[in-house]
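# Dropping the sequence and predicted coords here.
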Amino acid sequence: MILLIRLAAGLVATAITLVAGLLLLGFMIVNEPAAGGGLGPDGTPLLLGQSRLSTEQLTTWWNQTGHTSASTVDGATLMGLYSDTGARLGVRGDLAVAQAVLETGYFKHFPEGGINNYAGIAVHDGANRGASFPTAADGVTGHVALLREFADAHFADAPVHAAEPGCCPTVGSLAGVWATDPDYAVSLLAIYEAMLASAGLPPEETGGPGSTPGGPVELATVDGITVAASIAPQVHALVTDAARAGLRLSGGGYRSPEQQIATRRANCGPSSYDIYEKPSSQCSPPTATPGTSMHERGLAIDFQCNGRLITSHANPCWQWLNTNAATYGLHPFNREPWHWSQDGR
Ligand SMILES: [Zn+2]
């Protein structure tokens, strides 16, 4: 694969600068990407967002291919590194794996000098020595961070920089920029589709990340609380009647899929396992896995009482809600005194 990636002006790709860049990256707090997966305007998957395939699904797919990694670590380890690094940097780990597999011929062929270089990084026309990374984890970070920089103009923390940060938000837009091959995206997506088929998942357009079960939610904001329009009138009536009883209810209702992912990251941990698979009960506080929260349907509210989160069943607002909320179609979730929803979950 001939690549067009150029080093940013002034950055020399010596091992020393790469190590320094990686150390720096480790200390940086990475901004969340704005996009949350799904398809871009060109009809190909967005690079930023959640991976559709879990570490386990990627590993199962890898084992089914029958290939053996010629890298410094085995294929299963690479799947885990891509999953975790993708979740940490807000990049689709599954798409990054598909790209690495395309660039290296299933982790068998690396650019000259390119130890742990999984994406032909810094191999460009007229010079075939690639960047080298001290460990497999550094190599995956270098690749995933570079993808983030390709997709996100505000991200500038990749150890090896993109020539045009923000040029390429989708798989389709990489063609002609990351690689000269005009069919680059077609080849990459063929690998990705084989991964999806291995996991029994449908193609992107019939339910990718960012989609909500049951379709988009029609929203309305009442008394500062955004909820599904279908329950907005009753929520307004409830807040009004509580105020008559001297209790000021406020709170947070609807969460976008991206907000649910951010909440899981904050409450459950940073890895893709933490965000997408860990049981809700092991998070603090318990938080539903993305795609399953009543908040994502606008049918749950985390209530505050006179400006403070309701954390006890002794709270006067909880007591009032316990007596009255059912009249307005809201039910308690007993482990979380603040959380009330249409079905008590
Ligand atoms: Zn809640």
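Yep, that arrived. Worth saying up front: this structure is predicted, and the values here are computed from it rather than measured.

# Name the residue of the stretch 151-300 of the chain that lies nearest to the ion.
residue 300 (5.1 Å; C-beta to the ion). (Glycine included, C-beta is placed from N, CA and C.)

# where does that residue fall, phi/psi-wise?
Backbone torsions for residue 300, taken as degrees, to the nearest 10, come to phi -130, psi 150.

# Wait, it touches residue 338, no?
No. Contact criterion C-beta atoms under 8 Å: residue 300 and residue 338 do not qualify, at 10.1 Å.

# neighbour count winner among those two?
residue 300 (29 against 23; other C-beta atoms under 10 Å).

# how about the more buried one, what does it touch?
253, 293, 294, 339, 340, 341, 342, 345 (C-beta atoms under 8 Å, 6 or more residues apart in numbering).

# pLDDT score assigned to the first one?
When you say that, I think you mean residue 253. At residue 253, the model reports a pLDDT of 94.

# Kindly report the same for residue 99.
For residue 99, pLDDT reads 97.

# Which of the helices or strands spans it?
Assigning secondary structure by DSSP states H and E places residue 99 in helix 93-104.

# ok, what's across the strand from the residue of the stretch 151-300 of the chain closest to the ion?
In this structure, residue 300 bridges to residue 341 when assessed by DSSP bridges.

# Look up phi and psi at the residue lying closest to residue 142 once chain neighbours are set aside.
Of all residues not flanking residue 142 in the chain, residue 159 sits nearest, at 4.9 Å (C-beta to C-beta, 6 or more residues apart in numbering). When read as degrees, to the nearest 10, the backbone of residue 159 gives phi -60, psi -40.

# What of residue 155?
Dihedral angles for residue 155 - degrees, to the nearest 10 - are phi -100, psi 120.

# which element is residue 304 on?
strand 300-305.

# Figure out how far the helix or strand that comes right after that strand is from the centre of its chain.
Of the helices and strands lying after strand 300-305 in sequence (DSSP H and E), the nearest is strand 308-309. Using C-alpha atoms, centre = their mean, to the nearest Å, the mean C-alpha position of strand 308-309 is found 29 Å from that of the whole chain.

# got a list of contacts for strand 308-309?
Strand 308-309 has contacts (C-beta under 8 Å, 6+ apart) with 302, 303, 338.

# Now for the residue in the chain that the ion sits nearest to: which residues touch it?
At 3.6 Å from the ion, residue 339 is the closest residue in the chain, using C-beta to the ion. Residue 339 sits next to 300, 301, 302, 303, 332, 333 when contact means C-beta under 8 Å, 6+ apart.

# Phi, psi for it please.
Torsion angles, degrees, to the nearest 10, at residue 339: phi -100, psi 120.

# Setting the sequence-adjacent residues aside, check what's closest to residue 70.
Per C-beta to C-beta, 6+ apart, closest to residue 70 is residue 108, 4.8 Å.

# Could you do residue 195 as well?
Using C-beta to C-beta, 6+ apart, the closest residue to residue 195 is residue 61 (4.8 Å).

# my read is that neighbour is in a helix, agree?
Yes. According to DSSP: H, G, I helix; E, B strand; the rest coil, residue 61 belongs to a helix.

# That one and residue 107, how far apart?
With the distance defined as C-beta to C-beta, to the nearest Å, residue 61 ends up 13 Å from residue 107.

# All the strands of the stretch 151-300 of the chain, residue numbers only.
219-222, 225-228, 249-252, 300-305 (DSSP state E, counting those that start in this stretch).

# ok so, going back, just to check, the residue nearest to residue 195 is in contact with residue 199?
Yes. Using C-beta under 8 Å, residue 61 is in contact with residue 199, at 6.8 Å.

# shared neighbours, those two?
By C-beta under 8 Å, 6+ apart, the residues touching both residue 61 and residue 199 are residue 53.

# Between those two, which has more neighbouring residues?
For residue 61 versus residue 199, the count of surrounding residues by other C-beta under 10 Å is larger for residue 61: 22 against 15.

# how near is that one to residue 252?
Relative to residue 252, and taking C-beta to C-beta, residue 61 is found at 38 Å.

# And residue 73, by the same measure?
For residue 73 relative to residue 252 (C-beta to C-beta), the value is 42 Å.

# got a list of what residue 71 touches?
78, 104, 107, 110, 116, 118, 136, 139.

# How about residue 55, nearest residue that isn't a chain neighbour?
For residue 55, the spatially nearest residue (C-beta to C-beta, 6+ apart) is residue 83, at 4.1 Å.

# Neighbours of the one you found, how many?
So residue 83, with other C-beta under 10 Å, has 27 neighbours.

# Residue 291 now?
Count around residue 291 with other C-beta under 10 Å applied: 17.

# all helices for the stretch 1-150 of the chain, in order.
Secondary structure of the stretch 1-150 of the chain by DSSP state H, counting those that start in this stretch: the helices cover 15-27, 55-65, 75-89, 93-104, 136-151.

# Go ahead and confirm residue 248 touches residue 240.
No. Residue 248 lies out of contact with residue 240 (C-beta under 8 Å); the separation is 11.1 Å.

# Name the residues of this protein found near the ion, please.
With C-beta under 5 Å from the ion as the criterion, the chain meets the ion at residues 302, 339.
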